Each structure stands twice: as structure tokens, then as C-alpha cells.
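In: Got a predicted structure here, sequence first:
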Amino acid sequence: MELEGFPERLMRYLDHIEYRRIENSEDMEAIEQLRYKAYKAANVLPVAAPSMIDDADFDQHAYVFGVYYFEELVSTIRLHHVTPQHTLSQSAGVFPEIMEAYLEAGLTLIDPARFAVDPHVAAELPVLPYLTLRPSIVAAAFFKANLVLQHVRPAHAAFYKRVFYAQTVVERRMTEIYGLELTLMATNTHTTGAKLLKRYPFFDSGVHERRLMFDRGTHLEPLAPLTILPSARLVATGKISGAVAGLDY
């Protein structure tokens with residue numbers, strides 16, 4: 001019964017969450033401060049980075065999100081939609097040969113990076129990793145991506161394997177920028193997507209939410225509003241259709 005109750009508890013937390021796509025300098029400053037606070041608390045500050053904001057945050061295929069709980073910024077993540085035509089990604093800096101192989105095979109990828117959680121909130125809200133990583137699944141639905149990547153510390157690999165059915169691609173590799181080891185994992189959306197959404201309907205989304213999160217229009221202009229309410233409960237109650245049909249699972 002406890003396992004069955006956990007997805008509903010996640011859904012209840014989601015009822016108080018807003019996602020904001022970061023498009024202006026004022027919001028980006030708040031993201032930078034949160035990144036610094038989180039990385040410093042975890043002792044993983046980039047050893048050579050002069051700032052917590054970099055050019056990749058402003059790439060055309062980058063989507064930076066702030067996660068707001070009761071209107072308070074509690075976490076953030078950046079997603080890259082990586083394609084053979086647009087290859088920029090955070091994972092490529094550590095695992096270039098793997099990324100090249102994926103792109104040469106014609107795969108499209110969602111590459112999450114810059115995951116940061118407010119350390120003062122994390123203990124009170126232990127579901128924050130689920131709330132923060134949810135946009136990566138929404139992105140996979142919107143872009144019909146083949147894989148969702150996870151470059152994570154080896155100690156965290158079990159979480160991604162359990163929750164996202166991620167497979168280990170590279171066991172571990174030392175990174176110069178952080179001075180610590182990372183492992184590369186990947187969730188195959190075609191083979192595990194339906195299973196993932198059935199177990200965790202909290203990750204599901206409707207077409208409108210996906211468009212608000214990731215559609216920039218023909219001229220890369222942001223759509224208003226940039227603050228997005230999750231639609232998973234509407235999908236779960238059958239009021240709107242979810243992502244299973246939208247992804248080629």
C-alpha cells in the first residue's frame with residue numbers, strides 16, 4: 001500500500017508547483033544564486049567556472065526552468081534538446097564519444113543539467129528531485145526524443161535506475177570541471193515510457209503544458225505565460241489526454 005500511495009503523494013505536491021521557463025535576466029539571476037547555494041552546500045562548485053551562468057543557458061535548444069513551490073523558488077534544471085543537427089549538450093563535455101555515437105545513429109536526446117535544489121528546503125521536501133526532473137519527461141514527450149540522459153554522481157545512479165528505468169552507459173569517469181566522478185545513464189523512452197508513466201502518472205502531461213514548456217514559435221519568441229501549471233492530474237482523471245499517444249512508445 002505504501003508504494004501505491006507514493007505516486008498520489010507526489011501528485012498532491014505537484015498541485016502546489018509551478019514551473020517557470022526562465023527567459024529574462026532578473027529570473028536568471030535568481031537561478032544563478034540558487035545554483036551557487038546548492039552546489040556550495042554539496043561541495044560540487046565548478047573549479048574553473050567564473051559564474052553559475054554560461055553560454056549554454058542561452059542556446060536555442062536550451063530550456064532553463066525554475067520550480068516554484070507555493071510561489072517560492074525551490075529548485076531549477078536546464079534541459080538541452082540534442083539532435084544530429086544541434087549537438088550542444090552538457091554530457092558531451094564528459095562523454096564525447098558516447099554522444100557522437102548517439103548522434104551519428106540519428107538519435108534525439110534530452111540532456112538535463114544544472115540540477116540544483118535549495119538546501120534549506122530539501123530536507124522538508126524530499127520529493128524535490130521528482131518535481132525538478134519532471135520537465136525532462138515532459139520534454140521527451142514534446143520532442144519525441146529517443147533517450148533521456150542522466151550524467152550523475154555514481155552514488156545517485158540507483159535512484160535513476162529505480163525511478164526512470166535508466167541503464168548505465170558509462171560506469172564512471174573523472175570530470176575536470178567538477179573534480180569528481182560522474183556516470184552516464186540513459187532512459188529509453190520507447191521501451192520504458194509507458195511503464196514509467198503508468199507507475200508514476202505524476203510525470204505525465206497534456207499537449208498544452210508541453211507547448212507552454214517547450215514551444216518557442218517560429219521565431220524563437222517565448223510564448224506567454226511563461227509560468228506553467230502541471231497538467232498531470234488532469235491527465236490522470238481523464239479530463240485531457242496524456243503523453244503515451246504523443247510519444248512513440
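Out: Great, that's in hand. Residues are numbered from 1 along each chain as shown.
In: Pull the contacting residues for the residue positioned nearest the centre of the chain.
Out: In the chain, the centroid-proximal residue (C-alpha atoms, centre = their mean) is Ser136; its distance is 3.5 Å. Applying C-beta atoms under 8 Å, 6 or more residues apart in numbering to Ser136 gives the contacts 77, 79, 110, 112, 148. C-betas here are computed from N, CA, C, even on glycine.
In: And for Val94?
Out: 151, 173, 175, 182, 184.
In: Could you say which of those residues is surrounded by the most neighbours?
Out: His151 (24 neighbours; other C-beta atoms under 10 Å).
In: Give me the three-state assignment for that one.
Out: strand (DSSP: H, G, I helix; E, B strand; the rest coil).
In: wouldn't it be in contact with Ala92 here?
Out: No - using C-beta atoms under 8 Å, His151 and Ala92 do not qualify as a contacting pair, with a distance of 9.8 Å.
In: For Leu234, which non-adjacent residue is spatially closest?
Out: Ile240 (4.7 Å; C-beta to C-beta, 6 or more residues apart in numbering).
In: And for Thr132?
Out: Closest to Thr132 by C-beta to C-beta, 6+ apart is Ser75, at 4.2 Å.
In: And Tyr39, how far from Glu32?
Out: 11 Å (C-beta to C-beta, to the nearest Å).
In: do Leu180 as well
Out: 21 Å.
In: Check this protein for its longest strand and report it.
Out: strand 72-82 (DSSP state E).
In: Neighbouring strands of that one in the sheet, and parallel or not?
Out: Here strand 72-82 is paired, per DSSP bridges, with strand 62-69 (antiparallel), strand 109-117 (antiparallel).
In: Now render those strands as TSV, adding mean neighbour count and distance to Ile53.
Out: Listed next are the strands paired with strand 72-82 as TSV, based on neighbours: other C-beta atoms under 10 Å; distance: least, C-beta to C-beta, whole Å:
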stretch	mean neighbour count	distance to Ile53
strand 62-69	22	9
strand 109-117	23	9
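In: Nothing else from me, thank you.
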